[in-house]
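# coords please:
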Amino acid sequence: MALIARNQDRLDTLQASLTDMNIKSAGFSADVTNEQQIADAFTQVRETFGQIDVLVYNAGVIAPVSAAETTADIANQHMQVNIIGGISSAQQVIPEMIERKQGTIFFTGGGASELTVTPILTTLSIGKSGLRSYAHCLHDELQDQGVYVGMLSIAGVIEEGTYFSADNIADEYLDMYEKQDVAERFYVDESEDSDAVLKDTYTSEGQA
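Take a look at the predicted model:
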């Protein structure tokens with residue numbers, strides 16, 4: 001398993017966890033807003049593991065910024081991660097997957113952010129909506145070429161010991177990979193108001 005992240009300490013921590021589970025992994029440092037760093041990281045991944053079978057793009061800026069507070073500069077900075085980085089990463093694998101008529105690309109969505117919008121997370125709502133559109137377009141374009149593109153939209157805050165634990169979400173990704181029957185799946189806890197949970201988590205009152 002190849003891991004790409006900007007923070008080397010985070011990579012080291014994740015690698016250690018995978019090692020404890022007897023999973024071979026390697027970490028590669030790159031900033032998703034830097035296209036050259038992304039290209040270099042993917043080159044290193046191929047040199048280490050060979051062909052890339054599955055890509056999971058899971059980067060995003062989660063910042064409590066309201067619509068009125070969102071400037072063009074803030075929006076541009078956040079979109080580089082929330083949308084452009086996903087496109088740059090996908091372009092690193094699309095040509096080879098088309099050539100061999102096999103491969104999977106996953107994007108992680110923010111649940112309520114794409115469809116109902118979350119005002120306190122304006123830039124995330126905009127970004128994930130754009131990423132969702134890209135994922136659906138890519139799904140329709142590549143499905144007849146042997147390449148599966150899917151988006152898992154998670155309507156909640158990831159936390160161990162809850163419905164939104166990392167293990168539960170990993171199981172959902174695996175099920176999507178095995179079935180490859182939909183462009184998007186929503187992971188929602190029907191017992192909770194996801195918008196209320198997100199607002200409570202990312203407002204100053206919720207953080208206090």
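# okay, CA-based contacts and neighbour counts for the rest of this
Will do.
# strands of the chain, start to end?
Here the chain has its strands, by DSSP state E, at 2-5, 26-29, 54-57, 103-109, 147-154, 184-187.
# show me which helix runs longest in the chain.
helix 122-142 (DSSP state H).
# elements contacting it?
helix 72-79, strand 103-109, helix 112-115, strand 147-154 (3 or more C-alpha pairs under 8 Å, 6 or more residues apart in numbering; DSSP states H and E).
# could you list the buried residues of that helix?
Across helix 122-142, burial judged by 16 or more other C-alpha atoms under 10 Å covers 122-132, 135-136, 138-139, 142.
# let me have the strands of the chain in a markdown table, extended by mean neighbour count and distance to residue 35.
Shown next, in a markdown table, are the strands of the chain (neighbours: other C-alpha atoms under 10 Å; distance: least, C-alpha to C-alpha, whole Å):
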| stretch | mean neighbour count | distance to residue 35 |
| --- | --- | --- |
| strand 2-5 | 18 | 13 |
| strand 26-29 | 20 | 13 |
| strand 54-57 | 18 | 14 |
| strand 103-109 | 23 | 18 |
| strand 147-154 | 24 | 21 |
| strand 184-187 | 18 | 26 |
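# ok, of these, where does mean pLDDT dip lowest?
Lowest mean pLDDT within the strands of the chain: strand 184-187, a mean of 90.
# dump the strands of the chain to JSON lines, plus distance to residue 48.
Shown next, in JSON lines, are the strands of the chain (distance: least, C-alpha to C-alpha, whole Å):
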{"stretch": "strand 2-5", "distance to residue 48": "9"}
{"stretch": "strand 26-29", "distance to residue 48": "8"}
{"stretch": "strand 54-57", "distance to residue 48": "15"}
{"stretch": "strand 103-109", "distance to residue 48": "18"}
{"stretch": "strand 147-154", "distance to residue 48": "23"}
{"stretch": "strand 184-187", "distance to residue 48": "31"}
